[in-house]
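Chemist: what's the 3D shape of this:
(2 chains)
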Amino acid sequence: MGEVIVITSGKGGVGKTTTTANLGTGFALYKQKRVVMLDADIGLRNLDVVMGLENRIVYDLVDAANGICRTKQALIKDKRFENLYLLPAAQTKDKTAVSPDQMKKICEELKEDFDYVLIDCPAGIEQGFKNAIAGADRAIIVTTPEVSAVRDADRIVGLLEAAGFEEPKLIINRLRPDMIKRGDMMDVDDMIDVLAIDLLGVVPEDEKIVISTNKGEPAVADETSKAGQAYRNIVRRLEGEDVPLITEEKTEAGFLEKLRQFFGLKAHTK
Amino acid sequence: MKNKVIKALLFGGICVKNDPVVIKGTKEGISIILDDSLEFDDLQKALYEKLKNSRNFFSGGNVRIQAKNRNLSNEEYEKLQKLFTDFGMNLQEASSPKTMIFPKPNKSRVLLLKKTIRSGQKIAYNGSVVILGDANPGSEIIAAGDILVMGTLRGMAHAGADGDSSAVVTAFRLKPTQLRIAGVIARPPEEREDGPLFPEIARLKNNVIVIEPL
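Modeler: Modelled structure (predicted):
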C-alpha cells in the first residue's frame, strides 16, 4: 500500500510542478520506488510538458475519473526512468470536470500499485485544490521567500489542518543566499517562525531549473545542479534518512564572508 | 487533394455566412444555396430581391436548390417553384424536397476559423476544419473530415474522427504534438526539433501515419 502526497502552495509560480517532477523522478531514480505523478491542474496542465511527455497523452485524468478509460490506460510511462508514471490532466476541460470523490477513488486505486502517488495541486483554494487534497494522505507545501507566497502558504496550512491533515511539511524554493546575506530576502528562520511547520528542505535558485524545465528533463537527475542536490536530499528525508539541511551552507558562507571582509580580501565563490 | 479542399471551400456553404442566398453556376446549371438560419419567409424575400436585381440574367436556366440542413416542406417547395417560374427558370425535380448535391454531406461541410487556436481550446466539428491561423500546443482539433491549418500546427489534430481513414491533416508548418487519423495515433520523433519549412500532408498508409511534402 503506497502513500499519496499532495504538493500544494496556494500561490502560483512558486514551483509546485517543478517540485512534483523532481521528487517523483528522485524517488524512482535513486530509491527504485514505483511512482505515479498525478497532475490535478485541469485546464492548465504543465507536468506533462516539464516531464517531456506531452506528445504521448491519449487519455487523461478526466477520462479516467468519468470511466471513459481505465485508470491504468491513462498512465504514461516515463521515457527515461523505470517505475515512473504520469497521469496527465485534461487541457480542454476545467476543474469542475472531476469531483473530490472521483479523485479519492483514483488515488485509492493508484495506491494499490505504487509506492508513491504525488499530486501536483493547482494554485488557488477552490475546487481544484479541494480535488487535489481529497485523496491525499500527506501534504507538502512549497513556498518562496516572498511575503505574498508565505502568506498564501499560511492560508493553505490552515485549510489543510481544517481538512484533517496532520503536520504538513514545508519546502522553501528559489532561495538566494546572496540576497539573504544582503538582507534583501526573507530568512529561512523568519519563514519557519511564521508558518510553524517542519522544514523538509531548501532549494536554492538555480538557472539549471529553467534549462531542465524547458528541456523536459528534471534537474534532480543532474548531479551538477544545486537545486537537483537539494531535491535529492528531500527525497532521502522523505524516505526517513537523516540528512542535514542545505541552509547550513548559507551560515557557513556568511561566516567566511565576514572573515574575508575582516582581512580585506575579495569575496569569491567556488 | 488540393481540388478536394477547394471544392469543399466553394460548396461547403462557408461563404453563405453573410448572404442568405448564394447563387452559383455548376455543370448541371444554376445551384442556389439557402441559408439554414433564416425563416422561410425572409429567405423567400431575399431570393426574390436577388433574382429581381439580376433582371433576366438567369432566365431560361435550370436551377437546383441546395437547402443544407433545412427541411423544405412541399408547400415551401412549391412557393419556390412558382418564384423561379416567374423569373423564367426551371426548377429541377429532386427526389426529396431537400436536395443534396454531394453524396457525403459531412465531408463537404467545412468550418473556417480565422484565429489562433490556443492551449485548452478544442475545435470539434462534424466535417472538415480549416484554420486561418496557428494551432498552438495544448489545443485540440477534432474533425470527421480533413484538417487544414493555414499556419503552424503545433497542437493535437485528429482527422477522420468518425473512422474515415482517407482523412488527411495538412498544414503550412506541420509540427504537431500528436497526430491522429481515424483510429491511428502518432507522435513526431523526439529529435525532430524544427522540421522542414514547407507545407506537409499527413495521411494513413497501411495503417501508419506518413508525412509527405505537399
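
Chemist: Now do the same contact list for A:E82.
Modeler: Residues in contact with A:E82 (CB atoms under 8 Å, 6 or more residues apart in numbering or on different chains) are A:A28, A:Q32. (C-beta placed from N, C-alpha, C; glycine too.)

Chemist: quick one: it from A:E166, how far?
Modeler: As judged by CB to CB, to the nearest Å, A:E82 and A:E166 stand 32 Å apart.

Chemist: Test my guess that B:V169 contacts B:I201.
Modeler: Yes - assessed by CB atoms under 8 Å, B:V169 is found in contact with B:I201 at 7.2 Å.

Chemist: More neighbours: which of those two?
Modeler: Using other CB atoms under 10 Å in any protein chain shown as the criterion, B:V169 and B:I201 rank with B:V169 on top: 27 against 18.

Chemist: is that one in a bridge, and if so with what?
Modeler: Beta-bridge pairing of B:V169 under DSSP bridges involves B:I147, B:A202.

Chemist: can you pull the contacts of it?
Modeler: B:146-149, B:153, B:157, B:159, B:176, B:179, B:181, B:201-203.

Chemist: Likewise for A:L38?
Modeler: A:L61, A:L86, A:L87, A:I106, A:C107, A:L110, A:V117, A:L118, A:I119, A:D120.

Chemist: Take these and keep only those in strands.
Modeler: Among these, DSSP state E puts A:L86, A:L87, A:V117, A:L118, A:I119, A:D120 in strands.

Chemist: Pipe those into TSV and attach neighbour count and distance to chain B per row.
Modeler: Formatted as TSV, the ones in strands among the contacts of A:L38 follow (neighbours: other CB atoms under 10 Å in any protein chain shown; distance: CB to the nearest CB, whole Å):
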residue	neighbour count	distance to chain B
A:L86	28	15
A:L87	25	17
A:V117	28	24
A:L118	25	22
A:I119	30	21
A:D120	27	16
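
Chemist: What is the nearest of these to B:L34?
Modeler: Minimum distance to B:L34 across the ones in strands among the contacts of A:L38 is 49.2 Å, recorded for A:L87 (CB to CB).

Chemist: For that closest one, which residues count as its bridge partners?
Modeler: A:L38.

Chemist: Could you measure from it over to A:V98?
Modeler: Counting by CB to CB, the gap from A:L87 to A:V98 is 12 Å.

Chemist: Could you check how many residues crowd around A:G12?
Modeler: Neighbour count for A:G12, taken as other CB under 10 Å: 13.

Chemist: What helix or strand is the residue lying closest to it once chain neighbours are set aside located in?
Modeler: Leaving out its chain neighbours, the residue that sits closest to A:G12 by CB to CB, 6 or more residues apart in numbering or on different chains is A:A123, at 3.4 Å. A:A123 is located outside every helix and strand, with elements delineated by DSSP states H and E.

Chemist: Which stretches in chain B count as helices?
Modeler: Applying DSSP state H to chain B gives helices spanning B:2-11, B:40-53, B:74-86, B:105-108.

Chemist: Now do the longest one: everything it contacts.
Modeler: Right, helix B:40-53. Contacts for helix B:40-53 (CB under 8 Å, 6+ apart): B:20-21, B:23, B:32, B:34-35, B:38, B:58, B:72, B:76, B:79-80, B:83-84, B:87.

Chemist: redo that, cut-off 10 Å
Modeler: Helix B:40-53 is contacted by residues B:19-23, B:32, B:34-39, B:57-59, B:65, B:67, B:70, B:72-73, B:75-76, B:79-80, B:83-84, B:86-89 when judged by CB atoms under 10 Å, 6 or more residues apart in numbering or on different chains.

Chemist: Nothing else from me, thank you.
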